[in-house]
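Engineer: next input, structure requested:
(one chain, ligands or ions: 2)
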Amino acid sequence: MNAFKQMTIIGVGLLGASLAKVCRERKLAERIVGFGRNAENLQRAEQQNVIDHGTTVIEDAVAESDLVVLCSPVGTIAERFREMAPHLKAGCLVTDVGSVKAPLVRDIEPMVPDAVHYVPAHPIAGAEQSGLDAATVDLYEGARCIVTPTSQTNPQAVERIHAFWQDVGMRVQVLDAAEHDFIYGAVSHLPHVVAFALMNTVGQLKTREQEDIVHLSAGGLRDITRIASSDPVMWRDICLANKTHVLDLIDRFQDALGEIKQRIEQDDAAGLKESFKNANGHRGKLVGNNS
Ligand SMILES: NC(=O)C1=CN([C@@H]2O[C@H](COP(=O)(O)OP(=O)(O)OC[C@H]3O[C@@H](n4cnc5c(N)ncnc54)[C@H](O)[C@@H]3O)[C@@H](O)[C@H]2O)C=CC1
Ligand SMILES: O=C(O)C(=O)Cc1ccc(O)cc1
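Structural biologist: Ligands and ions are numbered 1, 2, ... in the order given. The predicted structure is shown next:
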């Protein structure tokens with residue numbers, strides 16, 4: 001097991017507090033420090049014994065730590081790294097949970113001090129809820145964690161961070177950051193954009209009596225839009241950070257939607273059936289039904 005004397009979590013929300021909980025339970029760190037902007041949130045995390053100590057002063061948060069995990073929104077991670085970099089001790093390992101990797105690697109790698117190692121990571125574990133109160137000890141259990149080292153990343157540091165995420169309970173896999181952003185743009189970011197757009201389309205429609213029509217829906221609308229309840233700041237940051245891939249994927253989605261639209265317009269029953277049958281096949285791969 002890969003026990004650290006002290007670890008710091010930057011951003012004690014869903015991902016950060018869940019990580020603190022599992023590290024506490026599995027004794028992966030002797031002491032857990034939380035950094036955040038909101039003193040009241042940190043105080044509550046201390047009271048709940050999620051962290052040993054909370055501080056809004058980044059120097060105090062990281063100076064004695066052997067491991068720092070950045071768990072704040074994607075748009076804030078590089079800035080937090082810049083602030084903490086001069087205060088990191090020699091030998092400190094830094095990883096993160098950001099949902100987009102290439103821009104973080106591009107911005108952070110040039111700022112990494114000598115004798116400090118940054119190994120980017122993305123645990124594919126989460127939910128549509130956010131914040132300390134949504135955190136659970138088993139959020140990460142059995143889920144995939146993508147690690148995206150570069151040619152400059154120290155191999156021993158990669159091994160230790162790999163072991164850390166494994167100790168947390170994750171199945172670790174290495175990917176190039178650019179490929180990661182393409183893949184998760186497709187399987188995570190586009191679905192969120194579609195869910196937000198679908199809810200905006202249907203959500204504003206009213207009955208003749210000016211009542212919301214969503215209450216009249218069957219289970220399907222709820223199934224397809226669960227993730228439209230996700231945090232707007234988090235998803236704003238993800239879409240802007242992964243802009244190129246997200247825009248390309250929206251184009252692809254519009255093409256697929258356009259094909260269905262055209263087949264309906266042209267009363268192309270066979271073509272329409274083909275579009276839907278193809279989708280059945282693709283979803284079969286997703287849910288493990290290849291028949
Ligand atoms: N929610 C999810 O399902 C997943 C989220 N992620 C990534 O994890 C990170 C955190 O997401 P969540 O835990 O869901 O969000 P969250 O909103 O629950 O927690 C974020 C925490 O960061 C704090 N924070 C906000 N701005 C900050 C700043 N400038 N400096 C320091 N702390 C700041 C917030 O106060 C909050 O405590 C994001 O980068 C996200 O992309 C990764 C995998 C899954
Ligand atoms: O709630 C869901 O189904 C998710 O998709 C959670 C999620 C959100 C963002 C990530 O980067 C990874 C996982």
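Engineer: all contacts plus neighbour counts: C-alpha atoms, from now on.
Structural biologist: OK.
Engineer: make sure M7 is indeed in a strand.
Structural biologist: Yes - under DSSP: H, G, I helix; E, B strand; the rest coil, M7 falls within a strand.
Engineer: count of neighbours near it?
Structural biologist: 28 (other C-alpha atoms under 10 Å).
Engineer: the residue in the chain that ligand 2 sits nearest to: neighbour count?
Structural biologist: In the chain, the residue that lies nearest ligand 2 is A127 (3.5 Å; C-alpha to the nearest ligand atom). Residues lying near A127 (other C-alpha under 10 Å) number 16.
Engineer: how about K206?
Structural biologist: With neighbours defined by other C-alpha under 10 Å, the count for K206 comes to 12.
Engineer: tell me what it is bridged to.
Structural biologist: With DSSP bridges applied, K206 shows beta-bridge pairing to D212.
Engineer: secondary structure class for the residue in the stretch 101-250 of the chain positioned nearest to ligand 1?
Structural biologist: Nearest residue of the stretch 101-250 of the chain to ligand 1: G126, at 3.0 Å (C-alpha to the nearest ligand atom). When classified by three-state DSSP, G126 comes out as coil.
Engineer: residue contacts, the residue nearest to the spatial centre of the chain?
Structural biologist: In the chain, the centroid-proximal residue (C-alpha atoms, centre = their mean) is S99; its distance is 3.8 Å. Neighbouring residues of S99 by C-alpha atoms under 8 Å, 6 or more residues apart in numbering: 74, 122, 184, 238.
Engineer: wait, isn't the second one in contact with V147?
Structural biologist: Yes - H122 is in contact with V147 according to C-alpha atoms under 8 Å; the separation is 6.4 Å.
Engineer: compare the two (neighbour count), which wins?
Structural biologist: V147 (26 against 21).
Engineer: verify the stated contact: that one with Y118.
Structural biologist: No - counting by C-alpha under 8 Å, V147 stays clear of Y118, with 10.9 Å between them.
Engineer: quick one, grab the pLDDT at N289.
Structural biologist: Here, the pLDDT recorded for N289 equals 70.
Engineer: swap in E83?
Structural biologist: On the pLDDT scale, E83 is placed at 98.
Engineer: try the one 5 residues further on
Structural biologist: The predicted structure scores L88 at 98 on the pLDDT scale.
Engineer: which residues does the residue nearest to it when sequence neighbours are not counted contact?
Structural biologist: Take L88 and drop its neighbours on the chain: the residue closest to it by C-alpha to C-alpha, 6 or more residues apart in numbering is A63, 5.4 Å away. A63 is in contact with 87-89, counting by C-alpha under 8 Å, 6+ apart.
Engineer: just these now: which is nearest T136?
Structural biologist: L88 (28.5 Å; C-alpha to C-alpha).
Engineer: how many residues are close by that closest one?
Structural biologist: L88 has 25 neighbouring residues, counting by other C-alpha under 10 Å.
Engineer: likewise for V194?
Structural biologist: 17.
Engineer: swap in S275?
Structural biologist: 16.
Engineer: do you know the pLDDT at it?
Structural biologist: At S275, pLDDT is 98.
Engineer: just confirm it is within a helix.
Structural biologist: Yes - S275: assigned to a helix according to three-state DSSP.
Engineer: which helix or which strand is home to the nearest residue to it once chain neighbours are set aside?
Structural biologist: For S275, ignoring the flanking residues on the chain, the nearest one in space by C-alpha to C-alpha, 6+ apart is I260 at 6.9 Å. Here I260, judged by DSSP states H and E, is contained in helix 243-265.
Engineer: report all helices and strands that that helix contacts.
Structural biologist: If you count contacts as 3 or more C-alpha pairs under 8 Å, 6 or more residues apart in numbering; DSSP states H and E, helix 243-265 packs onto helix 190-203, helix 269-287.
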